[in-house]
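# Give me coordinates for this.
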Amino acid sequence: MRLIVATSWEDELLRGLAGLPVQAVFGKLQSDLVGGGRPSSILPEVDGPRAERHIALAHELGMRFLYLWNVGTLGDREYRSEFVQEMRAQLRDLVAAGIDGLVVGLPWMIPLAKEVAPDLEVSVSSFVHVDSPREARQFERMGADTVILHQTGNRDFRTLQEIRAAVSCDLELIANNTCVFQCPYVCAHQTSPAFHSRTGSRPVLEYELFWCAGRYAHDGAELIRARWIRPEDLGVYESLGFDRFKLAGRGRPTAWLLRAARAYAARRYDGHLTDIVSMSQHAPLSLARRRAAEPGGRHAARWAEIAEDLRQVGLVRVRNGDIPPDFIRFFQDHDCNVRSCRTCRYCEQVARRAVEGARAWDADAVPLMPGPDMFEDLILDGPHPEAAQGPGR
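Modelled structure (predicted):
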């Protein structure tokens, strides 16, 4: 087993990970030229010298460091040659700071990175949505050393087998993601952080999060449908040739990251599964309550409705010990891409046994969303509500 763990940029994390099967930690500066897959507002603040010391300590403790350029768009800035030159200069600075690898979100970044630093490990981000043997093979031929598969395919075992057989490069699975399965906002949500993680960007709470928060508030089975991998089920994936697992949580505190890493290293967790999977869905509830309570707020009444609609998301938990030991076996024999959740109901059956705090079981519920005229209220004037409460991604 090889774990790839998000960093909090605190050295205490690295010391706590020492001795666990952690191959690398990953992260990026709070904001930079290129940006990344998470808005700056949830990321810890760290300056260049501190980052270099952190990377050096990771090396001292036997771990590599992967930096993120996992953007889905550069807003057409790449069509200016001076911007591409600035990218090359930043990458040279990152290599000088000690990074061992780069996770990219745009295919042409692979040859660019190899041109600047031929020995750099280049990984294709999950944001690229690689979920077929043909796609994986094409990225391998471009020069990618690692392909991080999109979490949507984590329980599509036939496709996983075919992808593994098609390429010789490294493959990585995200183990603890709680994105809504087949979410209608996934493309938008994986693009917008690119604009909110650049130097000079404004802190925001992404509006797309209100969809997944609302789904979790309305359907107790939604957390079971999410494509996490339990620590107890890692062996199923290893038997298929997958032994590299990413643990997300770049907005989480050190103690949370250590708990998650230790659980996966031990291949067992006896508490709530929601203690070790990403669960970024608390933030919309916190912000909705804040906006509803603001005197004179233009949309206070609507925010109050949304806060009430999301109330349950703060209470939902998954008792890992009550998930059937053979839970994952069902997905080895059934294809979720061709069956409706309303006719299958397997995840609902598991949820009724293992999920606490659910108020409904509605597979088609449409959450209340902030309308476009409310998006300005999503610009934050202080710490991200997610960071204040602890949950992150």
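# in the lengthiest helix in the chain, what counts as buried?
With secondary structure taken from DSSP state H, the chain has its longest helix at helix 81-97. The neighbour-count check on helix 81-97 (16 or more other Cβ atoms under 10 Å) flags 87, 90-91, 94-95, 97 as buried. The way it works is simple: take the backbone N, C-alpha and C, and place the C-beta from them, glycine included.
# and it, what does it pack onto?
On a contact count with 3 or more Cβ pairs under 8 Å, 6 or more residues apart in numbering; DSSP states H and E, helix 81-97 meets helix 48-60, helix 109-116.
# Kindly reformat those as TSV containing mean pLDDT, mean neighbour count and distance to V167.
TSV is the format used below for those (pLDDT from 0 to 100; neighbours: other Cβ atoms under 10 Å; distance: least, Cβ to Cβ, whole Å):
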stretch	mean pLDDT	mean neighbour count	distance to V167
helix 48-60	97	16	27
helix 109-116	98	18	14
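# Format those as a markdown table; extra columns: distance to F195.
What follows is the helices and strands packed on helix 81-97, written out as a markdown table (distance: least, Cβ to Cβ, whole Å):
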| stretch | distance to F195 |
| --- | --- |
| helix 48-60 | 23 |
| helix 109-116 | 17 |
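# Out of those helices, the one nearest G35 is which?
Nearest to G35 among those is helix 109-116 (12.4 Å), distances taken as Cβ to Cβ.
# So what does the nearest residue to L209 once chain neighbours are set aside have for phi and psi?
Among residues not flanking L209 along the chain, P284 sits closest, at 5.0 Å (Cβ to Cβ, 6 or more residues apart in numbering). Backbone torsions for P284, taken as degrees, to the nearest 10, come to phi -60, psi -40.
# so who does P284 touch?
205, 209-210, 213-214, 306, 310, 313 (Cβ atoms under 8 Å, 6 or more residues apart in numbering).
# measure it to A221 for me?
For P284, the distance to A221 equals 20 Å [Cβ to Cβ, to the nearest Å].
# go on, K28?
34 Å.
# What of P111?
Counting by Cβ to Cβ, the gap from P111 to A221 is 43 Å.
# next one: V130
27 Å.
# what's the answer for L91, then?
44 Å.
# and what of G357?
13 Å.
# quick one: which of the two has more around it?
It is A221, of G357 and A221, that has more neighbours when counted by other Cβ atoms under 10 Å, with 24 against 15.
# Surely the more buried one and E348 touch.
Yes - A221 lies in contact with E348 (Cβ atoms under 8 Å); the separation is 4.1 Å.
# Find the residues that touch each one of those two.
341, 361, 363.
# For those residues, could you give me JSON lines that also reports pLDDT?
Below are those laid out as JSON lines (pLDDT from 0 to 100):
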{"residue": "C341", "pLDDT": "92"}
{"residue": "W361", "pLDDT": "92"}
{"residue": "A363", "pLDDT": "87"}
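# now the strands: where do they sit in the stretch 51-200 of the chain?
Using DSSP state E, counting those that start in this stretch, the strands found in the stretch 51-200 of the chain span residues 64-69, 101-104, 121-124, 146-148, 170-174.
# Can you tell me the strand partners of the shortest one and which way each runs?
In other words, strand 146-148. Pairing partners of strand 146-148, with direction, according to DSSP bridges: strand 121-124 (parallel), strand 170-174 (parallel).
# Convert the last one to PDB, retaining C-alpha atoms only.
Below are the C-alpha coordinates for strand 170-174, written out as PDB (Å, rounded to 0.1, in the frame of the first residue of the first chain):
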ATOM      1  CA  ASP A 170       1.200   4.300 -12.100                       C
ATOM      2  CA  LEU A 171      -2.500   4.600 -11.300                       C
ATOM      3  CA  GLU A 172      -3.900   6.300  -8.200                       C
ATOM      4  CA  LEU A 173      -7.400   6.100  -6.700                       C
ATOM      5  CA  ILE A 174      -8.900   8.700  -4.400                       C
END
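# roughly how far is it from the heart of the chain?
Centroid separation for strand 170-174 versus its chain: 13 Å, with Cα atoms, centre = their mean, to the nearest Å.
# Report the buried residues of that strand.
170-174.
# Which residues does that strand contact?
For strand 170-174, the surrounding residues in contact (Cβ under 8 Å, 6+ apart) are 4, 123, 126, 136, 145-149, 151, 154, 163-164, 229, 237, 241-242, 244-246, 248.
# repeat that for 6 Å
Contact with strand 170-174 is made by 126, 146-149, 151, 242, 244-246, as judged by Cβ atoms under 6 Å, 6 or more residues apart in numbering.
# for the shortest one, same thing?
Contacts made with strand 121-124 from outside it, assessed by Cβ under 6 Å, 6+ apart, are listed as 101-103, 110, 113, 139, 144-148.
# if you set the cut-off to 7 Å instead, what comes out?
In this structure, residues lying in contact with strand 121-124 by Cβ atoms under 7 Å, 6 or more residues apart in numbering are 66, 100-104, 110, 113-114, 130, 139, 143-148.
# Just the buried ones among these, please.
By 16+ other Cβ under 10 Å, those give 66, 100-104, 110, 113-114, 130, 139, 144-148 as buried.
# What is the burial count for F26?
Look at F26: counted by other Cβ under 10 Å, it has 22 neighbours.
# Test my guess that G16 contacts L258.
Yes - G16 lies in contact with L258 (Cβ atoms under 7 Å); the separation is 4.5 Å.
# Which among the helices and strands packed on helix 81-97 is found nearest to S280?
helix 48-60 (23.3 Å).
# just checking, what packs against the closest one?
helix 11-17, strand 64-69, helix 81-97 (3 or more Cβ pairs under 7 Å, 6 or more residues apart in numbering; DSSP states H and E).
# could you give the mean pLDDT of the shortest one?
By that I understand strand 64-69. Per-residue pLDDT over strand 64-69 has a mean of 98.
# any idea how far it is from the chain center?
Relative to the chain's own centre, strand 64-69 is displaced by 15 Å; criterion: Cα atoms, centre = their mean.
# Okay then, goodbye and thanks.
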